[in-house]
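1. Here's my sequence, what's the structure:
(one chain, ligands or ions: 2)
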Amino acid sequence: MSNHYDLISIGAGSGGLSIAERAASYGAKVAVIENKELGGTCVNVGCVPKKVMWYAAGVAQGLMDAQDYGFDVDLEGDAGKLNWKKLVDKRENYIGGILDWYDGYLGGAGVEVIEGGAKFLDNKTIEVDVDGEKITYTADNIVIASGGRPIIPANIEGSELGLNSDGFFQELHDIQPKKVVVVGGGYIALELAMLMDGLGSDVSVLHQGWPVLEGFDSTIQAALSQQMKDDGLKRYHDEIISKVVDQGEGPDGLKQVTIEFEDGTKITDVDSLIWAIGRRPNTDNIGLENTDVEVSPRGTVVVDDYEKTTVDGIYAIGDIIGKAPLTPVAIAAGRRLGDRLYGGKPERKMSYDDIATVMFTHPPIGTIGMSEEKALEVYGDDVANGGIKVYKTDFVPMYHTMTRHKVKTHMKLIVQGENEKIVGCHIIGLGADEMLQGFAVAIRMGATKADFDDTIAIHPVSAEELVTMK
Ligand SMILES: Cc1cc2nc3c(=O)[nH]c(=O)nc-3n(C[C@H](O)[C@H](O)[C@H](O)COP(=O)(O)OP(=O)(O)OC[C@H]3O[C@@H](n4cnc5c(N)ncnc54)[C@H](O)[C@@H]3O)c2cc1C
Ligand SMILES: NC(=O)c1ccc[n+]([C@@H]2O[C@H](COP(=O)([O-])OP(=O)(O)OC[C@H]3O[C@@H](n4cnc5c(N)ncnc54)[C@H](O)[C@@H]3O)[C@@H](O)[C@H]2O)c1
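-> Ligands and ions are numbered 1, 2, ... in the order given. The predicted model follows:
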């Protein structure tokens with residue numbers, strides 16, 4: 001069998017699978033090389049298991065809200081109690097089903113799967129360690145789609161006693177950690193912190209500085225901070241961890257740790273310390289030193305506007321390029337690259353502007369475009385000269401008028417220039433996750449405030465506020 005392909009992808013995550021599938025659909029001879037599970041981060045230790053847990057936390061809140069809607073729900077004793085193992089088993093079973101589906105589907109789609117760790121030997125040759133046997137492969141086009149991995153701090157004694165997000169999904173199978181400390185103030189930290197809070201754990205968040213969610217609109221940062229406070233999450237933002245100490249097995253059978261701070265204070269009896277302090281691109285394990293591919297100081301692969309690296313015939317897509325590390329971005333880049341390389345569609349270029357994103361906190365956050373702060377920096381506030389103007393509202397959504405647990409919704413539109421083109425839309429509140437996609441289409445098409453105002457509202461839904469904002 002020839003080991004030469006039209007296209008090989010290193011990595012079979014969101015990006016790698018999408019380029020492989022698209023290239024194969026045009027008749028190219030394609031292989032993906034994967035050293036872990038098909039589907040990569042999103043399916044196995046990211047979006048998918050996270051969203052299942054997010055739903056579960058929503059169900060937990062729903063049980064409590066049910067009483068406020070007149071249901072005779074008795075939550076005393078074991079009634080309404082979460083069976084953590086059952087939830088995790090079901091979640092993993094669901095993921096197992098996706099992986100089984102890939103097995104059948106990829107063969108049918110003409111994508112060969114090579115299991116093993118890939119490493120470049122030169123600009124055209126890849127060596128794969130398949131169960132200890134080294135096999136070389138060549139391809140006209142090679143796509144680096146090896147993603148990233150979560151980091152833990154190297155300089156804190158005992159940091160290895162904590163988990164990262166991979167460990168959160170892979171190791172916490174049987175017992176729900178009762179006392180959880182999450183370090184970080186970004187997407188992963190806050191999603192995991194809020195879902196564990198929703199599932200009833202005692203959660204503390206440790207992050208550097210103030211506020212959380214650096215780069216997000218200030219309204220979103222403040223609203224989420226307030227919600228975390230209202231929900232009873234503990235916050236530590238000035239304390240610096242000096243070391244993590246093993247406390248042995250706790251009463252529930254989980255290994256417990258003590259977190260010690262430089263000021264002498266401590267958090268004891270922590271069942272689960274979760275590091276969510278960022279991710280490192282997987283450029284250090286694929287033999288790039290044997291190629292002429294340029295790697296940035298941040299460890300990401302340098303690409304041009306067409307995802308081409310500094311070597312002809314080597315491309316990079318997804319998290320590895322460090323631009324908008326999101327699954328649909330990796331997928332869209334892969335499909336467009338496939339269309340350009342094999343589909344005769346050279347115009348299919350990926351745009352990294354105005355990408356909508358949702359954070360699955362409780363409540364969820366939906367955001368697209370510039371924050372107010374960024375827009376002010378770029379355009380200023382002189383509307384007659386292209387500056388920005390801000391429309392915002394906050395309210396208690398109708399669902400929560402009936403519940404004791406109140407969760408406010410905040411919405412903000414940032415418009416630019418005299419025709420009030422929308423350059424930013426930020427929502428935190430019930431339903432924001434499902435609300436944003438349609439608005440994102442309109443905003444990407446260049447919608448103005450007048451276009452929003454001319455759209456007849458749907459009533460009674462929270463989204464109507466976006467087309468009636470004063
Ligand atoms: C906890 C968490 C939650 C997330 N939630 C969301 C979300 O809700 N929505 C969203 O859009 N995004 C989310 N993301 C981000 C999303 O998962 C990534 O943006 C996406 O998976 C990137 O796809 P990728 O193909 O670039 O990389 P990956 O999916 O990471 O795939 C890379 C693959 O390459 C493999 N690989 C690495 N090195 C080698 C090698 N040498 N040889 C062979 N194979 C190799 C890896 O094993 C991996 O399977 C989340 C991420 C995390 C961690
Ligand atoms: N819902 C989603 O779409 C979703 C969910 C999860 C992740 N993601 C993607 O994955 C990417 C990575 O997420 P992430 O949470 O790993 O990164 P992030 O950049 O969002 O957050 C990292 C956080 O760690 C903090 N930090 C860094 N070093 C620290 C240290 N030494 N001590 C304490 N805190 C420290 C940073 O201040 C920041 O708050 C995101 O940018 C996002 O694109 C998306």
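
2. what's the spacing between residue 147 and ligand 1?
-> 2 Å (Cβ to the nearest ligand atom, to the nearest Å). Glycine gets a C-beta too; all of them are placed from N, C-alpha and C.

3. For that residue, what are phi and psi?
-> Backbone torsions for residue 147, taken as degrees, to the nearest 10, come to phi 60, psi -150.

4. before we move on, what about residue 416?
-> Torsion angles, degrees, to the nearest 10, at residue 416: phi -130, psi 140.

5. Can you say which helix or strand has residue 136 in it?
-> For residue 136, the element it lies in under DSSP states H and E is strand 133-144.

6. Just the pLDDT at the nearest residue to residue 8 once chain neighbours are set aside, thanks.
-> Spatially, and ignoring its direct neighbours in sequence, residue 8 is nearest to residue 139 (4.0 Å; Cβ to Cβ, 6 or more residues apart in numbering). At residue 139, the model reports a pLDDT of 97.

7. Hmm, residue 139 is touching residue 3, no?
-> No. The pair residue 139 and residue 3 fails to qualify as a contact (Cβ atoms under 8 Å) at a distance of 9.2 Å.

8. if I look at the nearest residue to residue 464 once chain neighbours are set aside, how far off is residue 369?
-> Of all residues not flanking residue 464 in the chain, residue 457 sits nearest, at 3.7 Å (Cβ to Cβ, 6+ apart). Distance, residue 457 to residue 369, using Cβ to Cβ, to the nearest Å: 22 Å.

9. of the two, who's got more company?
-> Set residue 457 next to residue 369 and count neighbours by other Cβ atoms under 10 Å: residue 369 wins out with 22 against 14.

10. residues contacting the more buried one?
-> 354, 375, 414, 422-425, 443 (Cβ atoms under 8 Å, 6 or more residues apart in numbering).

11. any chance you could read off phi and psi for it?
-> The phi/psi pair for residue 369 (degrees, to the nearest 10) is phi 80, psi -160.

12. Not counting sequence-adjacent ones, nearest residue to it?
-> residue 424 (3.8 Å).

13. Confirm that that neighbour sits in a strand.
-> Yes. Counting by DSSP: H, G, I helix; E, B strand; the rest coil, residue 424 is part of a strand.

14. so it makes contact with residue 366?
-> No. Taking contacts as Cβ under 8 Å, residue 424 lies outside contact range of residue 366: 11.7 Å.

15. near ligand 2, which residues of the stretch 351-470 of the chain show up?
-> 357-360 (Cβ under 6 Å from any ligand atom).

16. coming back round to it: partners of the residue nearest to residue 8 in the sheet?
-> residue 5 (DSSP bridges).

17. how much space between it and ligand 2?
-> In terms of Cβ to the nearest ligand atom, residue 139 sits 29 Å off from ligand 2.

18. cool, residue 449 as well?
-> On the measure of Cβ to the nearest ligand atom, residue 449 and ligand 2 end up 27 Å apart.

19. So whichever residue of the stretch 301-450 of the chain sits closest to ligand 2: helix, strand or coil?
-> Nearest residue of the stretch 301-450 of the chain to ligand 2, counting by Cβ to the nearest ligand atom: residue 325, 4.1 Å away. When classified by three-state DSSP, residue 325 comes out as coil.

20. What number of residues are in the vicinity of it?
-> Residue 325: 18 neighbours (other Cβ under 10 Å).
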